[in-house]
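Student: dropping the sequence and predicted coords here.
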Amino acid sequence: MTGSSEDLLLTGGRITTMNPAQPEAESVLIREGLFAEVGKDRDLIQRHPQARGIDLGGARVIPGLIDSHTHIIRQGNNFALELRWDEVPSLADGLRMLRAQAERTPPGAWVRVVGGWSADQLAERRLPTLEEINAAAPDVPVFVLHLYDRAWMNAAALRALGIDEHFYEPFVSGRLERDDFGRPTGLALARPNAQPLYALLDRAPKLDREAQITSTRHYFRALNALGLTSALDCAGGFLNYPDDYGVITELHRRGEQTVRIGYQLFAQKPGRELADFQRWHDMVKPDQGDALLKCVGAGEMLVASAYDFEDFSYPRPTLGPQMEGELELVLDFLLANRWPIRFHCTYEESARRILDVVERVGGRHGLDGLNWIFDHGETITPATMERVARLGGGISYQNRIAFQAREYERRYGTQALREVMPVRAMMAAGVPLAAGTDATRVSSYNPWLAIHWAVSGKG
Ligand SMILES: [Zn+2]
C-alpha cells in the first residue's frame, strides 16, 4: 500500500489509538477522514513518502469523538441566535456577558440563553433574578432558559410578545408567575413539561434559511474545535422531517458539513405517532444516505405517552395507562419494517413497562441484527440493564444529571445521588454503552464535560 498525495501523515505526536493492543503511537496516517495506519515516525514516513506531512511537535491526537445522543440539527439552526453560558464560572460573568450582548444586538433581535448551564457551576450557587436580568438588558428582549425547569423573560420580551395582565392562552398562561395585580413577572415554569417554554421561545425572531446555514457551520466548527467529528442526532419537538432538515441537507450538498451525522426521526404529534412513521417510511429508509449524512432509525420519541419527563427537581412522572397500547402499535410497524429504534427513558419504573412492550413486539418480529438503543436510564437497576443486553440493545448515557445533582440530592438523598446514572453497573452488566451529552437545552455541547464526569466517578 503506497500513500497518495491526498493522505495526511501526522508525525512526532502522541497518538491515542483506542486499540488496547497498541494504545499509543508516534504517528498516524489519515486517509479519507479515517485513521488508516498508526506506528513509529520512521516506519510511516518511509512507507508514505507522498503523504502531506504535519509535525505535531509532541501534541496529543485523538480519534474524532462521537456524541451518541445530541440535538445537533436543531441547535445548528439556532446557534447564532444564542448567548451560551456553558462553563461560565459565575453569575456575575453571565450577567456581564448578557449586558454586552444586549448592547451589540440590533433592533428587532433578541438575546437568548437556551440551556447548557446550571446554578451548580456558578460561584454564587444561585439562579439569576428577574431584577438582575432586567437591569442587564433594559431594552432588548431577553429569554433565559434554565434546564427543563424555568425560563425568564425580561420586560422588553414581555412587551414584544404582548404578554400583560390580559394575556391568556391555554397551556402557557397558567405557567406564568404573576404579581399581586395579575401582571406576568417574566418567570415561566416548565409544567407539566418544557413545551410551554418552547412555545414562548418559538415566538422570538428566527434566522432565515441562509443564516441558519451559516449558524450551523459555526456550531459544527465549535464542535470540531472540541474534537467532535460525529453525532447521532435525536431530533426533537418542532424538528419535523423533512421540512426542518433543509439546512443540513443543503450543507451536505455543498460539501460544507464538518460533522458526520446519523439522524433518527422523532414523532411530532402526540397520539398520532403511527401516521408520522408510516408517512416517513414512504420517504426514507434506514441506512439511506452516505457516511456524512444518513438516516439511522426512529426515536428518541416513538410515542409521547412513553416519554418520562426528566426534571429532577420535580417528582417522577408516572406514564399513562395508554402507553403500552400506543407504543405497541408503533413498534409493530417499525420492527416489521426493520427500523432501528431508540427511545427516551429516564426512570426504572418507566423502563420496566417499556421493555415489556419491546420484548413482546420484538418476540413477534425478531430483534436479531437490529440496532436499538435505550436512552438515558438515570435510575435503572442492574436487572433492567441485563434485560436490555439480553434483548440485544445498547444504552446511550449522558451527563445531564450533573446539571441537576443538587436538586436530585435534595429530593432523593445523598445515597441516591451516589447511585444515580450507574455507568459502572452498566459496564458490569455487559451491555454495549455509548456516551453522549443530550446537548444543548439541558447539558452543554462540550463532550469533555461528559467524559470528565464519566471517568471521575461522576463528579
Ligand atoms: Zn431524551
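Tutor: Arrived safely.
Student: what helix or strand is residue 261 on?
Tutor: strand 260-265 (DSSP states H and E).
Student: just how off-centre is the next helix or strand after that strand within its chain?
Tutor: Past strand 260-265, further along toward the C-terminus, the next helix or strand under DSSP H and E is helix 273-281. The chain centroid and the centroid of helix 273-281 are separated by 23 Å, computed with CA atoms, centre = their mean, to the nearest Å.
Student: packing partners for helix 273-281?
Tutor: strand 260-265, helix 323-336 (3 or more CB pairs under 8 Å, 6 or more residues apart in numbering; DSSP states H and E). Every C-beta, even on glycine, is put in place using the N, C-alpha and C of the backbone.
Student: which one of these lies closest to the ion?
Tutor: strand 260-265 (11.5 Å; CB to the ion).
Student: re earlier: paired strands for the strand holding residue 261, with orientation please.
Tutor: strand 228-233 (parallel), strand 293-298 (parallel) (DSSP bridges).
Student: can you tell me which residues in the stretch 201-350 of the chain are near the ion?
Tutor: Applying CB under 5 Å from the ion, we find that the stretch 201-350 of the chain lies next to the ion at 300, 344.
Student: low-confidence ranges in the stretch 201-350 of the chain?
Tutor: Within the stretch 201-350 of the chain, not a single segment meets pLDDT under 70.
Student: same check on the stretch 1-150 of the chain?
Tutor: Residue ranges of the stretch 1-150 of the chain with pLDDT under 70: 1-5.
Student: ok, which stretches of it are helices?
Tutor: 41-47, 72-78, 91-103, 130-136 (DSSP state H, counting those that start in this stretch).
Student: quick revisit: compare the helices and strands packed on helix 273-281 and give me the one nearest residue 134.
Tutor: With CB to CB, the closest approach to residue 134 among the helices and strands packed on helix 273-281 belongs to strand 260-265: 39.0 Å.
Student: quick one, the closest one and helix 273-281 angle?
Tutor: Relative orientation of strand 260-265 with respect to helix 273-281: 140 degrees, computed using axes from the mean of the first three to the mean of the last three CA atoms, to 10 degrees.
Student: now do the buried residues in strand 260-265.
Tutor: 260-265 (16 or more other CB atoms under 10 Å).
Student: just stretch 210-225 next, same as before
Tutor: Buried-residue list, stretch 210-225, by 16+ other CB under 10 Å: 212-213, 215-217, 219-220, 222-223.
Student: the closest residue to the ion within the stretch 51-200 of the chain: what's it in contact with?
Tutor: Closest to the ion within the stretch 51-200 of the chain is residue 69: 7.2 Å, counting by CB to the ion. Going by CB atoms under 8 Å, 6 or more residues apart in numbering, residue 69 touches 232, 234, 300, 375-376, 396, 398, 434, 436-438.
Student: where strands are concerned, which of the residues you listed count?
Tutor: Counted as lying in strands by DSSP state E, out of the contacts of residue 69, are 232, 375-376, 396, 398, 434, 436.
Student: out of those residues, which are buried?
Tutor: In the ones in strands among the contacts of residue 69, the ones that pass as buried (16+ other CB under 10 Å) are 232, 375-376, 396, 398, 434, 436.
Student: in JSON lines, list the strands paired with strand 260-265 along with distance to residue 170.
Tutor: Shown next, in JSON lines, are these (distance: least, CB to CB, whole Å):
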{"stretch": "strand 228-233", "distance to residue 170": "31"}
{"stretch": "strand 293-298", "distance to residue 170": "30"}
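Student: contact partners of stretch 81-89?
Tutor: 94, 97-98, 101, 109-114, 116-117, 121-123, 204-207, 215, 444-446, 449.
Student: the closest residue to residue 152 other than its chain neighbours: neighbour count?
Tutor: Spatial nearest neighbour of residue 152, chain neighbours left out: residue 144 (4.7 Å); criterion: CB to CB, 6 or more residues apart in numbering. Counted with other CB atoms under 10 Å, the neighbours of residue 144 add up to 26.
Student: what's the answer for residue 165, then?
Tutor: By the other CB under 10 Å criterion, the neighbourhood of residue 165 contains 11 residues.
Student: do residue 31 as well
Tutor: 17.
Student: please name the residues that touch the closest residue to it other than its chain neighbours.
Tutor: Ranked by CB to CB, 6+ apart and with sequence neighbours excluded, the top spatial neighbour of residue 31 is residue 7, at 5.2 Å. When contacts are counted by CB under 8 Å, 6+ apart, residue 7 touches 29-31, 36, 48, 50-52.
Student: ok, of those, which one's closest to the ion?
Tutor: So of those, ranked by how close each gets to the ion (CB to the ion), first place is residue 30, at 33.5 Å.
Student: I'd say the closest one and residue 13 touch.
Tutor: No: with contacts counted by CB atoms under 8 Å, residue 30 stays clear of residue 13, the gap being 12.0 Å.
Student: touching, residue 218 and residue 80? I think so.
Tutor: Yes: in this structure, residue 218 is within contact of residue 80 by CB under 8 Å, at 5.9 Å.
Student: name all residues that make contact with the closest residue to residue 137 other than its chain neighbours.
Tutor: Distances taken as CB to CB, 6+ apart place residue 102 nearest to residue 137, at 3.8 Å, with adjacent residues excluded. By CB under 8 Å, 6+ apart, the residues touching residue 102 are 111, 136-137, 139-140, 142.
Student: ok, residue 381 next?
Tutor: Counting by CB under 8 Å, 6+ apart, residue 381 has contacts residue 348.
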